[in-house]
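Asker: Build me a model from this:
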Amino acid sequence: MPPRFSKDALSPRLEWSAIDPRYLDQLIAWAQAEDLTGLGFKQRPAHAFDISSDYISQRTENQASAAIIAREACVLCGLKLIHSILKAYDTKLSFHPSATDGDSLEKGGLIGRIEGPAASLLQAERVLLNFLQHLSGIASLTQCFTDCLKGSKTRLLDTRKTTPLYRVLEKYAFVCGGGYNHRYGLYDRIMIKDNHWATLTSKPDAPALEAIQQLRQDYPELPMHIEVDHFDQIEHALNAGADCILLDNFTLDGLEQAVDQIGNRAYTEASGGIQFEDLNALKMLGLDFISTGAPVHRSPWIDIGIDWL
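Answerer: You can find the predicted model right below:
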C-alpha cells in the first residue's frame, strides 16, 4: 500500500506569512533588553540604557544614512525582520531594501539602506546584525547542501536541532537556502523512534505493532514516520503503517538495499550524522529525503556590516 500523503505534505516549506508577528516582536524585545537593560542578570545595571548613544543624542540631532553590506558572498535571510527591529528602537528609522530573503549576493553587495536618527541607529545596529548574520549563515550553508542534491529526486530536510526559541526563524532560513522542513515540533507528526519502541517493548512484537497501528488510526490526519536501524525492522515498520521510514545510520550499501526493499510502500529518509561530503553518494540511491541539522547548528555567521554614508 503506498503512503497516504504526498511528498509535499511530508516536506513543507515555511513561508514568512505563517510566522506570528507577536513571536517576532517578543524575540526582538528580549534582544533589545539584554543589550540595554541587562536581561538575564539577577542584578540589573545601574545605568539601564545605551550610555554612549544617549550622550551623543543630547548634543546633536544628527540624521544618519547607512548601508548594510554583505562582506562575503552569501544567501540572505532576515531582511523581513529589519523593519520590526528598527521600529522597536525608533519609529523614525526607515529601511530601504535592495534585496530580499533568499537572494544570493556577492561580496560587497548592497543589502539595503537605513535612514533616521543617528543615536537610534547606533543602538539598533548590533541586534539587527546579529539576526541577519546568523540567519544568513544558515541559508548560505543550506544552499551548499541543496546545490549538491540538484538533479536527483532527493530533498534536504531540516531537524528539530535548533536554537531554543529560534526554531521558526531557523527553519525559515533553511527554506531560504533551498531546503525543506521536517516536522516543526512534537505536535505535527507521529514519529516513532528507537526510544518509543523501547518504552513499549524490548522488540517490535505484535502488541507493540498493534499500539502503533492504533495511534495511526487515532490521528489519521498526521503522517507517521518510523525510525529503523536494522533491516529486520523495516517490514515491522511497514506493517505498522509507516508513511515514511527513517533509515538511521545505515551504510551506503545498506541504504541502497533498504530503498529497494521498501519500494513504493513508503517514503524513505536517510538520517544520522550526515555531512556535506556524504551528499554526492547519497543522492544516487533514490532516497526521497535526507535529513540533517548541520546547516543549522554548524553554520558560521556571515560577515555583514553597516557602513555610514
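Asker: Give me the neighbour count for Gln123.
Answerer: 24 (other C-beta atoms under 10 Å). No exception for glycine: its C-beta is placed from N, CA and C like everyone else's.
Asker: How about the contacts made by it?
Answerer: 35-36, 50, 53, 89 (C-beta atoms under 8 Å, 6 or more residues apart in numbering).
Asker: Please list all residues in contact with the residue most central in space within the chain.
Answerer: The centroid of the chain falls nearest to Lys171 when counting by C-alpha atoms, centre = their mean (2.3 Å). If you count contacts by C-beta under 8 Å, 6+ apart, Lys171 has them with 14, 158, 162, 181, 184.
Asker: If any of the residues you listed are buried, put those into a ChimeraX selection.
Answerer: With 16 or more other C-beta atoms under 10 Å as the criterion, this ChimeraX line picks the buried residues out of the contacts of Lys171:
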select :14,158,162,181,184
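Asker: So of the contacts of Lys171, which two are at opposite extremes in space?
Answerer: Leu14 and Thr162 (12.1 Å; C-beta to C-beta).
Asker: Quick one: end-to-end distance for stretch 54-74.
Answerer: 34 Å (C-alpha to C-alpha, to the nearest Å).
Asker: sorry, back to before: export the contacts of Gln123 to a markdown table and append columns for secondary structure, pLDDT and distance to Ser6.
Answerer: Shown next, in a markdown table, are those (DSSP: H, G, I helix; E, B strand; the rest coil; pLDDT from 0 to 100; distance: C-beta to C-beta, whole Å):
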| residue | secondary structure | pLDDT | distance to Ser6 |
| --- | --- | --- | --- |
| Asp35 | helix | 92 | 44 |
| Leu36 | helix | 89 | 47 |
| Asp50 | coil | 74 | 51 |
| Ser53 | helix | 72 | 52 |
| Tyr89 | helix | 96 | 44 |
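Asker: Distance of the residue nearest to the centre of the chain relative to Leu81?
Answerer: Distance of Lys171 to Leu81, computed by C-beta to C-beta, to the nearest Å: 15 Å.
Asker: Equivalent analysis for Leu132, please.
Answerer: Distance from Leu132 to Leu81, by C-beta to C-beta: 8 Å.
Asker: for Leu238, same thing?
Answerer: With C-beta to C-beta as the criterion, Leu238 and Leu81 are 43 Å apart.
Asker: now Asn280
Answerer: From Asn280 over to Leu81 the distance is 35 Å, taken as C-beta to C-beta.
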